[in-house]
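1. Based on what follows, work out the 3D shape:
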Amino acid sequence: MNDFEVVCRAQIDGDFEGFDDEVLFKLNNGTYWVQSQYKYWYYYAYCPEVLILRRHGVYYLQVVGQNEIVPVAQISDVIESRINGDFNGWEGETSYQLTNGQVWQQSAYKYTYKYSHMPSVVIFNPGSGYVMQVAGTSTKVRRIQ
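-> This next block holds a predicted model:
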């Protein structure tokens with residue numbers, strides 16, 4: 001790891017559950033980073049300290065004290081809101097009104113039942129279309145209002 005430059009040292013804002021596919025990482029310095037290459041690694045920590053590293057123009061995220069790293073890209077177009085009412089999961093073409101007035105609809109088929117009342121929502125575009133994360137689950141979405 002000697003050929004990596006440390007770009008910043010920060011903490012994950014909340015739960016960290018490792019790497020998967022297009023995972024969004026919100027740091028306590030206000031920046032957002034999205035996993036840009038598929039890699040699965042499960043590791044749970046609450047608000048772990050992380051490093052953003054750079055090598056040959058590519059950015060990586062590493063949890064301090066762990067060996068695993070993953071390529072990431074910084075993004076800025078992130079929407080944070082809440083579902084205006086109950087969330088019952090995904091049913092194929094589910095649409096949800098947010099408390100900020102926006103309405104988003106599921107754009108890829110996925111069926112998952114998960115109930116939560118007025119849960120927090122994060123919507124972001126990792127480069128392959130918008131993704132909505134809510135109540136520990138996510139799917140592709142499109143804005144309809």
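2. Can you give me the neighbour number for the nearest residue to residue 66 once chain neighbours are set aside?
-> Computed as Cβ to Cβ, 6 or more residues apart in numbering, the closest residue to residue 66 that is not its neighbour in sequence is residue 43, at 6.5 Å. Glycine gets a C-beta too; all of them are placed from N, C-alpha and C. By other Cβ atoms under 10 Å, the residues close to residue 43 number 12.
3. Let's verify residue 43: helix, strand, or coil?
-> coil (DSSP: H, G, I helix; E, B strand; the rest coil).
4. Check what pLDDT it gets.
-> Listed pLDDT for residue 43 reads 97.
5. Provide a list of residues in contact with it.
-> 16, 17, 18, 63, 66, 68 (Cβ atoms under 8 Å, 6 or more residues apart in numbering).
6. Out of those residues, which sit inside helices?
-> Among the contacts of residue 43, no member is found in helices (DSSP state H).
7. hey, what's the residue nearest to the spatial centre of the chain bridged with?
-> With distances taken as Cα atoms, centre = their mean, the residue of the chain nearest its centroid is residue 24 (2.2 Å). Assessed by DSSP bridges, residue 24 has beta-bridge partners residue 34.
8. so it touches residue 32, yeah?
-> Yes - using Cβ atoms under 8 Å, residue 24 is in contact with residue 32, at 6.2 Å.
9. and for those two, which residues touch both?
-> 75, 78, 124.
10. picking that back up, redo the contacts of residue 43 as CSV? Include pLDDT and neighbour count.
-> Below are those laid out as CSV (pLDDT from 0 to 100; neighbours: other Cβ atoms under 10 Å):
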residue, pLDDT, neighbour count
16, 96, 19
17, 94, 14
18, 96, 17
63, 98, 20
66, 97, 13
68, 97, 13
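11. Out of the residues you listed, which is nearest to residue 111?
-> Closest to residue 111 out of the contacts of residue 43 is residue 17 (21.8 Å), distances taken as Cβ to Cβ.
12. dump the residue contacts of the closest one.
-> Per Cβ under 8 Å, 6+ apart, neighbours of residue 17: 42, 43, 44.
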